[in-house]
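Student: Here's a sequence, model it:
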Amino acid sequence: MPPNLFGLGHAFGSLVYTGFRKFAFSALLTSLGMQLFQTAVLWQVYELTGSALMLGLSGLVRAGPHMILSLVGGVVADRFNRVYLIQIGQVTNAILLLALSTLSLTGTVEVWHLYAMTLLNSAFTAITQPARTALIPSLVPRGNLVNAIALNASIGQTSQIIGPALAGITIAISGLELTYFIGGILYLASMISIIGVISNDPTSLTTKEGPWRSFIQGLNFVRSRPVITSLLLLDMGATVLGSYRALLPIFAESLGSGAAGYGMLSAAPGIGSLVGSGFILSLGDMKYKGMYTLFGVLAYCASLALLALSHWYMLTLIAAGLLGATNAIQMIPRNSVILTISPDQLRGRVEAFRSMMAGGGPPLGYTLSGALAAMLGAPVAVVLGSAACAILVSLLGIFHSELRDPYLGSQ
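Tutor: Alright, predicted model coming up:
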């Protein structure tokens, strides 16, 4: 039994458990590697083409594997050792980044290389992401689940601060090849750091069910809980309609901030996310998780409009930070509800549906925002997306009363 923790100790309570502590460090390294990869690829695509549409198409390349293979990953996560699956994904992604570093160093990289590497990175991540999230409840007691999810989100958000900023500085000083090389080393280090993690997962990973029957069982459970569908639609609205990241190189260029400024704009949401996560951590296992999700997404839409309409770099930077804060405020309660109401033996498959939307939604949003920006300009594209997202969220809040249940997802 861990000691009673208060204040700051309570906020980091899940790190008392060795398995989660190793998992958290590995997740940080993985997230850093991914952030370096994604930031550098977007910059290099724009550097090679100067096209908003080509930036958007990079999102379409990333979305395809997530939308298809996440479901496969969910079935696999409930049938095989989740730690080993995570490690396989880390090694394969490391190889991709090191290969891209070599291509950039030799000056032979072309746009199709970037698209191919993005597709493969997305595929390996999609297959292993359900195992990653489904592993968390088996590393901490049930009463620590919200805390563990919030810390896991904070890890991703910390990487969103350090990763893009490091990428921007590295690109400006040493070039893209070093950025990709550092990302590859981070992936390898993350694989090593998770060695020895043993979960207390009661789920049988040697199920005799066929893969298709296993998938259908997970689909039927999600369909039987409409609140899960509503929560996933809220996330989809923010990530697809409220997409903006693929357009950050355009905003940075229009504001005259260059690669370093682009890195800071990409990092600002991570800083805001830490603030939002800290707020959620201070609340503990709070009531009205559905309402936090609803109003968090609405506040995200308002921040998105501010970013689009700003003509000053500092105000744009602040708006980007607010996007991260509001996203964290809606994301942590939403994910904790989904994990809490999902049975242990189905958690990987349920997480696969969430991962499919969380991983596939943003890239689809890149494509949509890139296409709109090519026709109407980046600011108009982002404002239209913000308005559409706000309408969707309002309708879900009005017509789905379970989202207003104060005890939704409570322990």
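Student: Quick check: longest helix in this structure by residues?
Tutor: helix 18-49 (DSSP state H).
Student: what packs against that helix?
Tutor: Where contact means 3 or more CB pairs under 8 Å, 6 or more residues apart in numbering; DSSP states H and E, helix 18-49 is packed against helix 52-77, helix 82-105, helix 111-135, helix 145-173, helix 176-193, helix 248-254, helix 258-283. Bear in mind the C-beta positions are built from the backbone N, C-alpha and C, glycine included.
Student: got CSV for those, with distance to R349 and mean neighbour count too?
Tutor: Shown next, in CSV, are those (distance: least, CB to CB, whole Å; neighbours: other CB atoms under 10 Å):
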stretch, distance to R349, mean neighbour count
helix 52-77, 4, 23
helix 82-105, 13, 20
helix 111-135, 8, 22
helix 145-173, 18, 23
helix 176-193, 25, 22
helix 248-254, 34, 21
helix 258-283, 26, 22
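Student: For the nearest residue to A167 once chain neighbours are set aside, list the residues it contacts.
Tutor: Sequence neighbours aside, T39 is the residue nearest to A167 in space, at 3.9 Å (criterion: CB to CB, 6 or more residues apart in numbering). Shown in contact with T39 (CB atoms under 8 Å, 6 or more residues apart in numbering): G163, P164, A167, G168, T179, G263, S266.
Student: and the residue nearest to the fourth one when sequence neighbours are not counted, what does it touch?
Tutor: This means G168. Excluding the flanking residues, the one nearest G168 by CB to CB, 6+ apart is G263, at 1.7 Å. By CB under 8 Å, 6+ apart, the contact set of G263 is T39, P164, A165, L166, A167, G168, I169, I171, A172.
Student: Quick check: pLDDT value at the residue lying closest to the last one once chain neighbours are set aside.
Tutor: Taking CB to CB, 6+ apart as the measure, A172 lies nearest to A259, with 4.6 Å between them; neighbours along the chain are not counted. The predicted local confidence for A259 comes out at a pLDDT of 76.
Student: Renumber starting at 6 from here on
Tutor: Noted, 6 is the first residue going forward, which turns the last one into A264.
Student: what's the distance between P254 and G382?
Tutor: Distance, P254 to G382, using CB to CB, to the nearest Å: 14 Å.
Student: One more: V114?
Tutor: 29 Å.
Student: These two - which one has more neighbours?
Tutor: Each of V114 and G382 has its neighbours counted (other CB atoms under 10 Å); V114 has more, 20 against 16.
Student: List phi and psi for that one.
Tutor: Backbone torsions for V114, taken as degrees, to the nearest 10, come to phi -70, psi 140.
Student: That one contacts L105, correct?
Tutor: Yes. Shown here, V114 and L105 form a contact pair, counting by CB atoms under 8 Å, at 7.1 Å.
Student: Could you pull up the residues touching the residue nearest to L389 when sequence neighbours are not counted?
Tutor: Closest residue to L389 apart from its sequence neighbours, by CB to CB, 6+ apart: L377 at 6.6 Å. By CB under 8 Å, 6+ apart, the contact set of L377 is V385, A386, L389, G390.
Student: Make sure T97 is actually in contact with F129.
Tutor: Yes. T97 sits in contact with F129 when judged by CB under 8 Å, with a separation of 4.7 Å.
Student: need the contact list for G329.
Tutor: Q162, Q165, A273, P274, G275, I276, G277, S278, L279, V280, G281.
Student: what's the spacing between the residue nearest to the first one when sequence neighbours are not counted and S229?
Tutor: Ranked by CB to CB, 6+ apart and with sequence neighbours excluded, the top spatial neighbour of Q162 is S278, at 3.2 Å. S278 sits 32 Å away from S229 when distances are taken as CB to CB.
Student: re earlier: distance check, the residue nearest to G173 against H316.
Tutor: 21 Å.
Student: what do you get for L150?
Tutor: Separation of L150 from H316 (CB to CB): 43 Å.
Student: Burial check on V385, number of neighbours?
Tutor: Using other CB under 10 Å: V385 sits among 13 other residues.
Student: Next: the one 5 residues further on.
Tutor: Neighbour count for G390, taken as other CB under 10 Å: 25.
Student: now the contacts of G329 in a markdown table, with distance to Q92?
Tutor: Below are the contacts of G329 laid out as a markdown table (distance: CB to CB, whole Å):
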| residue | distance to Q92 |
| --- | --- |
| Q162 | 23 |
| Q165 | 23 |
| A273 | 32 |
| P274 | 28 |
| G275 | 25 |
| I276 | 30 |
| G277 | 31 |
| S278 | 26 |
| L279 | 27 |
| V280 | 32 |
| G281 | 30 |
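Student: Which of these sits closest to T321?
Tutor: Distance to T321, by CB to CB, is smallest for A273 among the contacts of G329, at 8.6 Å.
Student: out of everything not next to it in sequence, what's closest to that closest one?
Tutor: Counting by CB to CB, 6+ apart, the residue nearest A273 is A325, at 3.7 Å.
Student: From the structure, what's the count of residues near the one you found?
Tutor: For A325, the count of nearby residues is 27 (other CB under 10 Å).
Student: cool, M380 as well?
Tutor: 11.
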